[in-house]
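*Asks:* After the sequence you'll find the predicted model.
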Amino acid sequence: MKKNKNLVRVSIVASLLITTSSILGQNVEVMASNPTNYKDMTEYAAYENVIADAGATSGDFGISLALYDIDQEGIRELLISHGTCLADWVNDIYTLEDGKDVSYIGNVGRQGLFYTAPDGNGMYFLYGYQGYQEITRITKSGKDIVQTLLESRELNANENYTEFANKIALLAPGDIPTHGNSYDVEVTAPDGGVNMRCGAGVEYDKVLPDMIPNGTVLTVTQEAVASNGNSWGYTNYNGTYGWIALTQVTRYQEPTEGAPIPHTRYVINCNESITLRTNPDVNAAEICQIPLGTAVATFGDAGNGFISVYYQGSSGYCLASYLSAPVD
């Protein structure tokens, strides 16, 4: 969902967090400041393509963003703030329909500061310029943003702009703190690859025409459970974001120094599958069957006509005559 505008990243003066504020003549108790670990929030994964598009469109100017549940109905909206100057500054707002489909629902013009509304009803937007300020309430009604002007006035000579607690911080994507819950996986699917889908489950459409091939290392940033109970992971493959079945991948670890370097080989010369065994011996116990055409990681000659093989989390041995020459 691209918007063809020039975008700019601008540093906005931080507000003072206080425990009570005089808000339009009222003393109102306030809550703790809003969290800024947006990448750890459930909705971030669904918005990631929109964020990536906005960042790509911005060029050298950059964007800033925030996630906040405007109507407190359980889904955080996405705010993307951008512009080249005060004259064209805008804050675009998106939401999720059915928890997965991104929908643009409006914008708030001009550069300013967002806060949780002290009474919990939406957000407050503070705009200030050369001694003049406006305070606008931002709420969400269905698929639309509603703006209600609460105050518009010139400030007195020594009066500061109004400050509220619970700022909704707009951050550049690279400045967003995370809890570091991501991890790497390697595609090791029996079918030779894994499909990427727009949601966590086989009922969702594919976002790529072809499977991500075995041997590909991906970074999973979020997990979800499908309707059938299987786990799915959210990832990025060559700039495309989507969900993959975690049953088709294994945890990936960088080879340690001095460890043998794995090479990819394919299962060949069999009718249906070959046997992965516990030892390099035809009489050794079977670990599993590896289907014809499957890519496996191999670690060199194990003797007795066998090669050391890693497949779907299991290490063992296969007869070299049933494996292709290394392809990498």
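*Replies:* Looks like it arrived, so ask away. Worth saying up front: this structure is predicted, and the values here are computed from it rather than measured.
*Asks:* Please count neighbours and contacts with C-alpha atoms only from this point.
*Replies:* Will do.
*Asks:* Please parse the protein into its domains.
*Replies:* Split into domains by automatic domain parsing, the chain comes to 20-175, 183-251, 263-322.
*Asks:* ok now the first one, how far from the chain's centre?
*Replies:* Okay, so that is domain 20-175. Mean-position distance between domain 20-175 and its chain equals 20 Å (CA atoms, centre = their mean, to the nearest Å).
*Asks:* Quick check: mean pLDDT of stretch 262-282?
*Replies:* Average pLDDT, stretch 262-282: 92.
*Asks:* buried residues in that stretch?
*Replies:* 262-268, 273-282 (16 or more other CA atoms under 10 Å).
*Asks:* So which of those sit within strands?
*Replies:* Mapping these onto strands (DSSP state E) picks out His263, Thr264, Arg265, Tyr266, Ser273, Ile274, Thr275, Leu276, Arg277.
*Asks:* Identify the farthest-apart pair in the residues you listed.
*Replies:* His263 and Ser273 (19.7 Å; CA to CA).
*Asks:* I'd guessed Gly83 sits against Gly109; true?
*Replies:* No - using CA atoms under 8 Å, Gly83 is not in contact with Gly109; the gap is 10.0 Å.
*Asks:* Settle it for me: which of these two has more neighbours?
*Replies:* Gly83 (23 against 17; other CA atoms under 10 Å).
*Asks:* distance of that one from Asn156?
*Replies:* For Gly83, the distance to Asn156 (CA to CA, to the nearest Å) stands at 29 Å.
*Asks:* Extract the residue ranges of the chain that are flagged as low pLDDT.
*Replies:* Scanning the chain with the threshold set as pLDDT under 70 gives 1-33, 178-181, 254-260, 328.
*Asks:* all helices of it, in order?
*Replies:* 44-58 (DSSP state H).
*Asks:* So which residue is dead centre in it?
*Replies:* Ala45 (3.2 Å; CA atoms, centre = their mean).
*Asks:* pretty sure that one is in contact with Gly233, am I right?
*Replies:* No - Ala45 is not in contact with Gly233 according to CA under 8 Å; the separation is 10.2 Å.
*Asks:* which residues are common contacts for those two?
*Replies:* Common contact partners of Ala45 and Gly233 (CA atoms under 8 Å, 6 or more residues apart in numbering): Gln222.
*Asks:* With that, I have no additional questions.
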